[in-house]
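Would you be able to build a 3D model of this:
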Amino acid sequence: MEKKRLVLTEQPLGSEGLKLSIMELRPQLHRAKVAQCMFGSEDVENGKPHRKLTALDVNDEYFAQCLERDAVCLHQPEEHQVLEGKVFYEGKWVNRSHLAAAWPLPLCT
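Residues are numbered from 1 along each chain as shown. Now for the predicted structure:
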């Protein structure tokens with residue numbers, strides 16, 4: 001912030017950490033609420049979308065608005081894959097939550 005650069009932090013939308021005063025009192029805080037399923041986050045086993053609600057806090061209001069564009073989930077709740085359990089991926093058993101931790105490329109773009 002001091003060097004006038006863009007700052008972004010990521011937390012799960014329901015994170016208790018977002019309620020801490022050190023998080024809420026940051027200057028120029030603009031929170032974008034993003035459903036990662038709208039950017040292609042999906043289960044590697046069955047292709048069901050991962051809703052994965054995420055808070056992207058940035059120090060630029062316009063950037064927050066851009067992040068939220070087309071980021072509201074349009075799926076029915078039962079259409080999502082719950083981020084529990086393991087899947088066999090690339091020759092080993094991996095937690096679904098671990099795989100869902102990676103941002104989908106369209107969100108990065």
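
Any idea how many residues pack against Met38?
19 (other C-beta atoms under 10 Å). C-beta here means a position set from N, CA and C on the backbone, and glycine is covered the same way.

Name the SS class of it, please.
For Met38, the assignment made with DSSP: H, G, I helix; E, B strand; the rest coil gives helix.

Which pLDDT value belongs to it?
On the pLDDT scale, Met38 is placed at 97.

for Glu24, same thing?
At Glu24, pLDDT is 82.

Verify the stated contact: it with Gly17.
No. Glu24 is beyond contact range of Gly17, at 10.3 Å (criterion: C-beta atoms under 8 Å).

intersection of neighbour lists for these two?
Among the neighbours of Glu24, none is also in contact with Gly17 (C-beta atoms under 8 Å, 6 or more residues apart in numbering).

In PDB, list the C-alpha atoms belonging to stretch 29-44.
Output in PDB follows, covering the C-alpha atoms of stretch 29-44 (Å, rounded to 0.1, in the frame of the first residue of the first chain):
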ATOM      1  CA  LEU A  29     -10.600  -2.300   1.900                       C
ATOM      2  CA  HIS A  30     -12.900  -3.500  -0.900                       C
ATOM      3  CA  ARG A  31     -14.200  -7.100  -0.700                       C
ATOM      4  CA  ALA A  32     -15.100  -9.000  -3.800                       C
ATOM      5  CA  LYS A  33     -17.300 -12.100  -3.100                       C
ATOM      6  CA  VAL A  34     -16.600 -14.700  -5.700                       C
ATOM      7  CA  ALA A  35     -18.100 -18.200  -6.300                       C
ATOM      8  CA  GLN A  36     -15.200 -20.100  -8.000                       C
ATOM      9  CA  CYS A  37     -17.700 -22.400  -9.700                       C
ATOM     10  CA  MET A  38     -18.400 -19.500 -12.100                       C
ATOM     11  CA  PHE A  39     -14.800 -19.600 -13.200                       C
ATOM     12  CA  GLY A  40     -14.700 -23.300 -13.900                       C
ATOM     13  CA  SER A  41     -13.700 -24.800 -10.500                       C
ATOM     14  CA  GLU A  42     -14.900 -28.400 -10.700                       C
ATOM     15  CA  ASP A  43     -14.300 -31.800  -9.300                       C
ATOM     16  CA  VAL A  44     -11.700 -33.900 -11.200                       C
END
